[in-house]
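# sequence first, then the predicted structure, then my questions.
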Amino acid sequence: MTFKMKYRIISDYITKPSKRRSGILMSKVGFVVAHDTGNKNSTAKNNVDYFKRSKNEMSASAHIFVDDKQIIECVPLLTGTPEKAWHVWYDKPLDNQMYGDDANDIAAGVEYCFGDNINANEAYKRYIWVMAYICYKYNLNPSKDIVGHMILDPQRKTDPQNGLKQSGRSYEQMLEDVVKEYNDCLVQELPSIQREIGVQVNGVKAENAYLINNTSYVPVRFVSEQFGATVGFDGKNVIINKGMEK
């Protein structure tokens, strides 16, 4: 199975080593933490640019920021070898209880951008898609391996719930929608030796033309008919009767 790549993921990395991007590799990607920026009206680029400018001011970061126009990765996760990002406090025990390790060490951090200047529907589509894609890429269960920041740190955090409310959506709906997006984006692959190709004869596109083991196959009836010939079958042989000269 392959996954529909609906959107482009832009890599715009924070330089390393720095407080926001240490460059330490993740041992695995074990789950996803859903965040919102908490900074209304700031775009994905606004946030990434701020993280880059303040790279040595504090050890706080995320892998991906999503708004209505862009998905930007500032710490490698999908566009490079996954590195740790600092998006959940280490002294919170629930991530270890739920997933067996600290979020900073094995979790993807995805930030949702929201505000009056951001199309909530378009931002939401990209947000749930990229979380579904992370699940696909790292063989995670989308119904179990995504958790909100407010679940892991309820005393301090409300994200992504607060951001989602701005568009009339709930955290529970988000979880359901990621599962649906995951299932909708799975596509059955053709065998690796076979793929459909575009072929034209006399300006007419052929249907059911394939490349198999580096050889092109086009239906003989289609090719013959483009030159005015007729094709028949006598039970043993295909018979092509010469058509009109062109």
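Looks like it came in fine.
# from here on, just use CA atoms for contacts and neighbour counts.
Will do.
# which outside residues touch stretch 29-39?
82, 99, 103, 106-114, 131, 134-135, 138, 140, 145-149, 159-163 (Cα atoms under 8 Å, 6 or more residues apart in numbering).
# for that stretch, the distance to its chain's centre please.
15 Å (Cα atoms, centre = their mean, to the nearest Å).
# quick one: end-to-end distance for that stretch.
27 Å (Cα to Cα, to the nearest Å).
# among the contacts of stretch 29-39, which are in strands?
A107, A108, G109, V110, E111, Y112, I146, V147, G148 (DSSP state E).
# now the closest residue to the last one other than its chain neighbours: phi and psi?
Taking Cα to Cα, 6 or more residues apart in numbering as the measure, G148 lies nearest to A34, with 4.7 Å between them; neighbours along the chain are not counted. Here is the backbone geometry of A34 (degrees, to the nearest 10): phi -90, psi 130.
# count the residues that sit near A34.
26 (other Cα atoms under 10 Å).
# that one bridge partners, please.
The partner list for A34 in beta bridges (DSSP bridges) reads V110, G148.
# so how far is D105 from it?
15 Å.
# same deal with I71?
I71 is 22 Å from D105, by Cα to Cα.
# between these two, tell me which one has more neighbours.
Taking other Cα under 10 Å, I71 and D105 do not tie; I71 has more neighbours (24 against 21).
# looking at it, that one is touching I10, isn't it?
Yes: assessed by Cα atoms under 8 Å, I71 is found in contact with I10 at 6.1 Å.
# per-residue confidence for the residue nearest to G148?
Note on A34: pLDDT of 98.
# before we move on, what about I239?
So, for I239, pLDDT stands at 64.
# what does P191 give?
At P191, pLDDT is 61.
# now N208
For N208, the model assigns a pLDDT of 69.
# check the gap between V110 and Y182 for me.
16 Å.
# and Y90, by the same measure?
Applying Cα to Cα to Y90 and Y182 gives a distance of 29 Å.
# higher neighbour count, these two?
Y182 (23 against 14).
# pull out the buried members of the contacts of stretch 29-39.
Burial by neighbour count, 16 or more other Cα atoms under 10 Å: within the contacts of stretch 29-39 this picks out 82, 103, 106-114, 131, 134-135, 140, 145-149, 159-163.
# and F222, what pLDDT?
69.
# got phi/psi on K4?
Per degrees, to the nearest 10, the backbone of K4 is at phi -70, psi 120.
# in contact with it, which residues?
K4 neighbours (Cα under 8 Å, 6+ apart): C185, L186, V187.
# just the buried ones from these, in ChimeraX syntax?
Typed into ChimeraX, the line below selects the buried ones among the contacts of K4, using 16+ other Cα under 10 Å:
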select :185
